[in-house]
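Peer 1: sequence plus predicted model, see below.
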Amino acid sequence: MIKAITGTKDILPGEIEKWQFLEKLVRNELENFNYNEIRTPIFEETALFSRGIGEATDIVSKEMYTFKDRSETSISLKPEMTASVVRAVLEHSLDKQFGLNKLYYISPMFRQERPQAGRLRQFHQFGAEALGSMHPALDAEMILICYRIFKILGLKNVSVKINSLGVPESRENYKKILREYLSDKIKDLSEDSKKRYETNILRIFDSKDERDSEIMKNAPLLIEYLDNVSLEHFEKVKQILLAAQVPFEVDPVLVRGLDYYTNTTFEILSGSVGSQSALCGGGRYDLLSEQLGGRKIPGVGFAAGMERILLACQNEGILQLPETCIDVYVVRIDKELENETAAFGNLLRERNLKVEFDYQSRSVKAQMREANRLNSINVIMFGGEEYQRGSAVLKNMKNGEQQEVNLSDIDSLINKLK
RNA sequence: GUGGGUGUAGCUCAGUUGGUUAGAGCGUCUGGUUGUGGCCCAGAAGGUCAUGGGUUCAAAUCCCAUCACUCACCCCA
């Protein structure tokens, strides 16, 4: 038997309702904030991601699904959306048509990592990008949108972390200082952190190794080396969040794995999922469009993991959706009336009712059991002597009451069914 | 890529120190008189015990390998 690829999942009836609910909620919220949906292709030229996200990042260096098409072009399945959205805005000159572009998406993403709780190879994100403004209100808005959605869902165990990475110059300067601080302590670091010292020194801060934490306790912090403009921007973001009553904490060691971030970064974590606890993450990327070879367009955005959100909901016992039901089950009493029963059922379907009937020539009892299993609100018994005189039996399945209804007066029948 | 755990019916799981035709609950299907659901009752279908080797008179049970799933590291949504 061929099975689904490792790290991919079928979403079956019973589960899909939760996805539809979440998608509807997300659309509604993002549209209230006046974001417009954008859909970009599932794959792009690999160079878009390697340039946008950063050649050295884990995503690009070891997690992308990359292959060559028949014309030898290197193609990659999208591992995230920001680079694609910026590409689309540049390509269609949306930045010239509108001063500010507020866009949102709901889409599958692909990363070839080892699957675990809250991590798949094909996973789904919703997110938003606001392009064309440096205003801190938009940074705060991203956080507010996520926070609102989690709140509406009823998630309890969430915490908002924010930080500022400043501009690249101050970050590089800071890295130098951190490198100096650690230069005589390298030998005491964990093996992982020794590697991080070379590849991604900021990551040593969130090492889970005790020795590392001990060493990092007294390390200089990035925020102490930010330029004044960045600091001021960060202050404004915080003030707006306070005014919007979004609880948050500044996490001076919040580092994100994508190269394009400048100034604000944030994550919202859940204590209700496994160790992959970030439900969403994002930040500002004022230099990305130029890195992609385009005009300068400042931007800020976020992405949220839908599997993780649904997992958190499940673990917190929220998002209990009502059972599905149908309006009418048409029970066929006489075997020879199969065609007429189907035609009648389809007539009701045309009148926008959710209707089911039997396709297997089953007994009346079996049809009734099926109607019950489907939570049918009504049953229409089609056939027998009532059929001979142009009527049928309508049964209300909640209270069991039955009445004879005239089949020639469909409108009054429909009224009874609605 | 590196570790740990787990693989028995569609689902959730039992299966005693290796010992006859492999079990339960739920679900599915049929029936409980001629045209009526839920509850109840009766019955049925459904398993190469993940796969391949090995040990043994005898393996779901012990050993090895492979694969899959799962959790964690790394990293991230």
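Peer 2: Structure received. Residues are numbered from 1 along each chain as shown, chains lettered A, B, ... in the order given.
Peer 1: and whatever residue of chain A ends up closest to RNA strand B, what's its pLDDT?
Peer 2: Residue of chain A nearest RNA strand B, by Cβ to the nearest atom of the strand: A:G257 (0.9 Å). Every residue, glycine included, has its C-beta placed from N, CA and C. On the pLDDT scale, A:G257 is placed at 75.
Peer 1: hang on, isn't it packed against A:I59?
Peer 2: Yes. At 6.8 Å, A:G257 and A:I59 qualify as touching, with contact defined as Cβ atoms under 8 Å.
Peer 1: who's more crowded, the two?
Peer 2: Each of A:G257 and A:I59 has its neighbours counted (other Cβ atoms under 10 Å); A:I59 has more, 19 against 13.
Peer 1: got a list of what the more buried one touches?
Peer 2: A:49, A:53, A:79-80, A:111, A:257-258 (Cβ atoms under 8 Å, 6 or more residues apart in numbering).
Peer 1: residues touching the strand or helix carrying A:E235, excluding its own?
Peer 2: In this assignment (DSSP states H and E), A:E235 forms part of helix A:228-243. Helix A:228-243 has contacts (Cβ under 8 Å, 6+ apart) with A:134, A:136-137, A:139-140, A:143-144, A:160, A:162, A:164, A:166-167, A:170, A:223, A:226, A:248, A:250, A:263-264.
Peer 1: go with 10 Å
Peer 2: Residues from elsewhere that reach helix A:228-243 (Cβ atoms under 10 Å, 6 or more residues apart in numbering): A:134-144, A:147, A:160, A:162-167, A:170-171, A:223, A:226-227, A:246-248, A:250, A:262-264, A:266, A:284, A:300.
Peer 1: is it possible to export the contacts of A:I59 to a markdown table including secondary structure and distance to A:L348?
Peer 2: Formatted as a markdown table, the contacts of A:I59 follow (DSSP: H, G, I helix; E, B strand; the rest coil; distance: Cβ to Cβ, whole Å):
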| residue | secondary structure | distance to A:L348 |
| --- | --- | --- |
| A:F49 | helix | 51 |
| A:I53 | helix | 53 |
| A:P79 | coil | 47 |
| A:E80 | coil | 46 |
| A:R111 | coil | 47 |
| A:G257 | coil | 54 |
| A:L258 | coil | 53 |
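Peer 1: select only the buried ones of those in ChimeraX?
Peer 2: Buried members of the contacts of A:I59, defined by 16 or more other Cβ atoms under 10 Å, are picked up in ChimeraX with:
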select /A:49,53,79,80,111,258
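Peer 1: ok, of the contacts of A:I59, which one's closest to A:P13?
Peer 2: When the contacts of A:I59 are ranked by distance to A:P13 (Cβ to Cβ), A:R111 comes first, at 27.2 Å.
Peer 1: residues contacting that closest one?
Peer 2: A:7, A:58-59, A:62-65, A:77-80, A:119-123.
Peer 1: 7 Å - rerun?
Peer 2: A:59, A:63, A:79, A:121 (Cβ atoms under 7 Å, 6 or more residues apart in numbering).
Peer 1: want to throw the residues you listed into a markdown table with secondary structure and pLDDT?
Peer 2: Listed next are these as a markdown table, based on DSSP: H, G, I helix; E, B strand; the rest coil; pLDDT from 0 to 100:
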| residue | secondary structure | pLDDT |
| --- | --- | --- |
| A:I59 | helix | 93 |
| A:E63 | helix | 94 |
| A:P79 | coil | 97 |
| A:R121 | coil | 96 |
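Peer 1: just these now: which is nearest A:Q320?
Peer 2: For the contacts of A:R111, the nearest to A:Q320 is A:R121 (29.0 Å; Cβ to Cβ).
Peer 1: for the closest residue to the closest one other than its chain neighbours, give me its contacts.
Peer 2: Counting by Cβ to Cβ, 6 or more residues apart in numbering, A:R121 lies nearest to A:G7, which is 2.9 Å off, once chain neighbours are set aside. When contacts are counted by Cβ under 7 Å, 6+ apart, A:G7 touches A:115, A:120-122.
Peer 1: show me which of those are buried.
Peer 2: Buried, going by 16+ other Cβ under 10 Å: A:120-122, out of the contacts of A:G7.
Peer 1: pull up the residues of the stretch 51-200 of chain A that are close to RNA strand B.
Peer 2: A:57-59, A:63, A:80, A:111, A:113-120, A:123, A:125, A:192, A:196, A:200 (Cβ under 7 Å from any atom of the strand).
Peer 1: what of the stretch 201-350 of chain A?
Peer 2: Near RNA strand B, when you scan the stretch 201-350 of chain A using Cβ under 7 Å from any atom of the strand, you find A:203, A:206-208, A:255-258, A:267, A:274-281, A:303-305, A:307-308, A:333.
Peer 1: keep only those of those residues that are in strands.
Peer 2: Members of these lying in strands (criterion: DSSP state E): A:267, A:278-281, A:303-305.
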